[in-house]
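**Student:** Model the following, please.
(chains A and B)
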Amino acid sequence: MITLDHAYILVGLMFGAFAVLTLGDRAHPTRIRSAVFWGLIAASMLFGSWLGGLGNGLLVLALVAVGGLKKLGVGHPPTTTLAERREGAVRYGNALFIPALIVPLVAVGGTLAAKHTGAGAWLLSSTQTTLIALGLGCVIALFAAMAWLSPPVMAPVQEGRRLMDSIGWAALLPQMLASLGAVFLASDVGGVVGQLVSQAVPLTSPLVAVVVYCLGMALFTVIMGNAFAAFPVMTAAIGLPFVVVQFGGNPAIVCAIGMLAGFCGTLMTPMAANFNVVPANLLELPDRDSALNGVIRAQIPTALILMGINIALMYAFAFRF
Amino acid sequence: MLVLLGIAVVVLGFIARINSLLVILLAAIVTGVAAAVAPGVDVRVLGQAAIGTLAAFGDAFNDNRYFHITWLVLPVIGLLERAGLQERARLLIARVTAATVGRLLISYLLVRQATSALGLTSLGGHPQMVRPLVAPMAEGAAEVQAGGTLPDALRFRIRAMSAATDNIGLFFGEDIFIAIGSIVLMVGFLEQAGIIVEPLEMSVWAIPTAIAAFAVHGARLLLFDRSVKREIAAAADAGVAK
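**Tutor:** Here you go, the predicted structure:
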C-alpha cells in the first residue's frame, strides 16, 4: 500500500537532488545557502519523524536563518532557448497539455477509486489519499513525458530546480503559517479573539454568527496579508464554536466559504505582496508604492460584492446540508 | 490578552517588510512566551516557554510536511515548459482574442478559473502571463479601438485590471481543486479539531462562489469596456479641441 511516508521519501529525494545539483552549479548566485536550504527540507521530509519536536524546531530555526535573513538567488540550469520552445509549441501542439492534465486526473481518480473500489483501497492509504494520489499522478505524468519527449535524463531535476528556485523561501510559507496556527491554537489566541468579538457583538443568531465570521476572515486577512494565517484563528474563534457547534452549521461548508471570504480580504490588502504589489511593480504602475495601488483599486468592487455573496451562500447552505 | 502580541508581531513584520519566515517564527515564540507570562513568573520559566514553543512549532511543522507533496509536480511542469508549454498556452489564448479589452479579459478570466480548478495554477500568474501576454494584449485591443496611442491613465487602468483579473480567476478557481494548499490546510485544521472531512466534500462548496465571481467580475469587465470607450472618445475630443 502506498502511504504518506512513501510520498515523503519521494519528495525528500527530489529536494536532495535539488540540493546536490545546486551545490554543483558554480554559476548559482547563492550556491551554498540555496543548497543548504533545499538540503534541510530534504532532511525534514526524510527524517522529520525521528527528530522530535525540539529537533524539528531547530531545523526550522536553521531554515529561517538560511532562507529568511537574506535573499536566496535563482540559478539558471541548462534549459532550452525561447526559439526552441516556440518550435516545440508548434511541433507538439495541444498534446503538451496532456501530461499536465494527467496529474489532476490521477489525483481525482485515485481519491474516488480508493473510496469506492477494493483495488483502490488496497493501493492507496486512506489518510491523505488525495495527496498520495497527486504524488502518484506526478510520477505517472513524469514517466509519460520522459518517454514521449525523451529529454536528457537529468532534465526533470534541472527544470524542477529552476522552478523551485523561482518559488524560493515562499515554498515554506504555507507550512510555517500552519505551524503558527498550531501555536496560536495551543495558546488559545482564537479563544481570546472570540471573547473580544463576542463581547463587542452578541452572537445570538446564525445570521449574526455567519456575518461576523465572514467579516472577521476578511478583516484578519487584510491585516495578516494571507487567508491561510487568518483561517485557523478566526475559525477557532467564531467559525467552529458559534457557526458550527452552537448553530449546527456544516463544517465543510463553513470552512470552504469562510476561506473564500478570506480571499476577498486578500484582494484588498497591500500585505498580500505577491498578488497585489508584485504585479503593480511588474506592470510599472505609477502608484505602485501607495497603499491602495491600481491593482487593489481594480479589485475592491469585485471583492466587496463577492463578500456579500459569500455571506449569503454560507447562510443559505451551511444550515441546510 | 497578552497572547495577541503574536498577531502584533505579524502585522509589524509585514509593515516593516521583514521576511515572512522570520516574522512567523518570531510571532510564534512571542505568543508562546506571552501565554506563560503571569505574576511572579521569572525569566527562566519564560526561557523554558520559548524552548517549549519552538518544540511545539517543530512538531506542527513536521505534521504539516504534506504541503510539499504538491512540489512533485514541478519536474513535470518544468519538462513541459522546456518543450514549449507556455508558448503553446500563448498560442491557444491568442486564438480566443476578442475585439475589446473587456471581452479579452473575460476569456482570460474563464481560462484562468478553469485551469486553476484543475490544479494548474502555475499556468497563469503575473510574471509568467500577465506582464508578457495578458496586459499587452488588453492594451493592444484598446489601441485598435482608439486607432492610436492611449492616454497614460487609461493604459495603467487597463494594466491594473489585467492583473486584477488574474488574481480573481486564481482565487475563485483554485479552491475547486482538491489538492490545493488551502483545502489541505482546512482539512488538517478540522482533523486537529476532531472533525474528519474529505477534501472533495469541501472543494464542491467553492463552486457557487466561483460562478458568482465569474458573473460579478465578468459584468464589471463589460462595464469597463464602456468606460474605456468613453475615455477614448473624451481623449479624442480633447485632441480635436487642441
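
**Student:** so what's A:Met134 up against?
**Tutor:** In this structure residue A:134 is Leu, not Met. By CB atoms under 8 Å, 6 or more residues apart in numbering or on different chains, the contact list for A:Leu134 reads A:Val103, A:Pro104, A:Val106, A:Ala107, A:Gly110, B:Ile69, B:Thr70, B:Leu72, B:Val73, B:Gly119, B:Ala179. In short, each C-beta sits where N, CA and C put it, glycine included.

**Student:** Pick the one among these closest to B:Ala56.
**Tutor:** B:Ile69 (23.3 Å; CB to CB).

**Student:** Which pLDDT value belongs to the nearest residue to the closest one once chain neighbours are set aside?
**Tutor:** Closest residue in space to B:Ile69, ignoring its immediate chain neighbours: A:Leu131 at 4.7 Å, by CB to CB, 6 or more residues apart in numbering or on different chains. Note on A:Leu131: pLDDT of 82.

**Student:** mind listing what A:Leu131 touches?
**Tutor:** Residues in contact with A:Leu131 (CB under 8 Å, 6+ apart) are A:Leu4, A:Ala7, B:Tyr66, B:Ile69, B:Thr70, B:Ala179, B:Val184.

**Student:** what's the closest of those to B:Leu25?
**Tutor:** Among the contacts of A:Leu131, and counting by CB to CB, the member closest to B:Leu25 is B:Tyr66, at 20.1 Å.

**Student:** coming back round to it: lowest-confidence member of the contacts of A:Leu134, which is it?
**Tutor:** B:Ala179 (71).

**Student:** mind checking the SS state of that one?
**Tutor:** Following DSSP: H, G, I helix; E, B strand; the rest coil, B:Ala179 is assigned to coil.

**Student:** Go ahead and confirm it touches A:Leu105.
**Tutor:** No. Between B:Ala179 and A:Leu105 there is no contact under CB atoms under 8 Å: 11.9 Å.

**Student:** Same drill for those two, tell me which one is more crowded.
**Tutor:** Higher neighbour count among B:Ala179 and A:Leu105: B:Ala179, with 26 against 16, using other CB atoms under 10 Å in any protein chain shown.

**Student:** Phi first, then psi, for the residue in chain B positioned nearest to chain A.
**Tutor:** Nearest to chain A in chain B, going by CB to the nearest CB, is B:Gly78, at a distance of 2.5 Å. Main-chain dihedrals, B:Gly78, degrees, to the nearest 10: phi -60, psi -40.

**Student:** Name the nearest residue to it, ignoring sequence neighbours.
**Tutor:** Once flanking residues are discounted, B:Gly78 sits nearest to A:Glu159: 2.5 Å by CB to CB, 6+ apart.

**Student:** Break the chain into its domains for me.
**Tutor:** You didn't pick a chain, so chain A it is. A:4-172, A:188-317 (automatic domain parsing).

**Student:** nope, chain B
**Tutor:** B:2-63, B:69-241.

**Student:** ranking these by mean pLDDT, which is last?
**Tutor:** domain B:69-241 (a mean of 85).

**Student:** what residues are up against B:Ala179?
**Tutor:** B:Ala179 is in contact with A:Pro104, A:Ala107, A:Thr130, A:Leu131, A:Leu134, B:Thr70, B:Gly119, B:Pro199, counting by CB under 8 Å, 6+ apart.

**Student:** The last one - how many residues pack around it?
**Tutor:** Residues lying near B:Pro199 (other CB under 10 Å) number 23.

**Student:** neighbouring contacts of stretch A:53-69?
**Tutor:** Taking CB under 8 Å, 6+ apart as the rule, stretch A:53-69 contacts A:33, A:36-37, A:40-41, A:43-44, A:48, A:51, A:168-169, A:172, A:176, A:179, B:19-22, B:25, B:51, B:54-59, B:61-62.

**Student:** Most distant residue from the centre of chain B?
**Tutor:** Going by CA atoms, centre = their mean, the residue of chain B most distant from its centre is B:Gly40, 46.2 Å out.

**Student:** now A:Val243: how far from chain B?
**Tutor:** 13 Å (CB to the nearest CB, to the nearest Å).

**Student:** what about B:Ala49, helix or strand, and which?
**Tutor:** For B:Ala49, the host element (DSSP states H and E) is helix B:43-63.

**Student:** that's a strand at the residue farthest from the centre of chain B, yeah?
**Tutor:** No. In this structure, B:Gly40 is coil, not part of a strand, as judged by three-state DSSP.

**Student:** Now do the SS call for B:Thr149.
**Tutor:** When classified by three-state DSSP, B:Thr149 comes out as coil.

**Student:** Surely it touches B:Glu139?
**Tutor:** No. B:Thr149 is not in contact with B:Glu139 according to CB under 8 Å; the separation is 9.9 Å.

**Student:** So which of those two has more stuff around it?
**Tutor:** B:Glu139 (19 against 10).

**Student:** can you pull the contacts of that one?
**Tutor:** So B:Glu139 contacts B:Leu150, B:Arg155, B:Ile158, B:Arg159 (CB under 8 Å, 6+ apart).

**Student:** For the residues you listed, could you give me CSV that also reports distance to chain A and neighbour count?
**Tutor:** Listed next are those as CSV, based on distance: CB to the nearest CB, whole Å; neighbours: other CB atoms under 10 Å in any protein chain shown:
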residue, distance to chain A, neighbour count
B:Leu150, 14, 19
B:Arg155, 10, 18
B:Ile158, 10, 25
B:Arg159, 4, 26
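
**Student:** those helices in the stretch 101-250 of chain A, which residues are they?
**Tutor:** A:118-123, A:129-149, A:155-167, A:173-186, A:189-200, A:206-224, A:227-234 (DSSP state H, counting those that start in this stretch).

**Student:** of these, which approaches B:Ala34 most closely?
**Tutor:** Nearest to B:Ala34 among those is helix A:189-200; the distance by CB to CB comes to 9.6 Å.

**Student:** what angle do that closest one and helix A:173-186 make?
**Tutor:** Counting by axes from the mean of the first three to the mean of the last three CA atoms, to 10 degrees, helix A:189-200 lies at 60 degrees to helix A:173-186.

**Student:** tell me the mean pLDDT over helix A:189-200?
**Tutor:** 83.

**Student:** CA atoms of stretch A:49-62 as PDB?
**Tutor:** Provided in PDB are the C-alpha atoms of stretch A:49-62 (Å, rounded to 0.1, in the frame of the first residue of the first chain):
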ATOM      1  CA  SER A  49       9.600  11.800  12.300                       C
ATOM      2  CA  TRP A  50      12.800  10.800  14.100                       C
ATOM      3  CA  LEU A  51      13.900  14.300  15.100                       C
ATOM      4  CA  GLY A  52      11.300  15.000  17.800                       C
ATOM      5  CA  GLY A  53       9.700  18.400  18.500                       C
ATOM      6  CA  LEU A  54      12.800  20.300  19.500                       C
ATOM      7  CA  GLY A  55      14.900  18.800  16.800                       C
ATOM      8  CA  ASN A  56      12.300  19.900  14.200                       C
ATOM      9  CA  GLY A  57      12.200  23.300  15.900                       C
ATOM     10  CA  LEU A  58      15.900  23.700  15.500                       C
ATOM     11  CA  LEU A  59      15.600  22.600  11.900                       C
ATOM     12  CA  VAL A  60      13.100  25.400  11.300                       C
ATOM     13  CA  LEU A  61      15.400  27.800  13.000                       C
ATOM     14  CA  ALA A  62      18.200  26.700  10.600                       C
END
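
**Student:** got the buried residues for that stretch?
**Tutor:** Buried residues in stretch A:49-62, counted by 16 or more other CB atoms under 10 Å in any protein chain shown: A:Leu51, A:Gly53, A:Leu54, A:Gly55, A:Asn56, A:Gly57, A:Leu59, A:Val60, A:Leu61.

**Student:** And stretch B:30-45, by the same measure?
**Tutor:** B:Val30, B:Thr31, B:Gly32, B:Val33, B:Ala34, B:Ala35, B:Ala36.

**Student:** ditto for stretch B:105-119
**Tutor:** B:105-109, B:111-119.

**Student:** got TSV for the domains of chain A, with distance to B:Val10 too?
**Tutor:** Listed next are the domains of chain A as TSV, based on distance: least, CB to CB, whole Å:
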stretch	distance to B:Val10
domain A:4-172	14
domain A:188-317	6
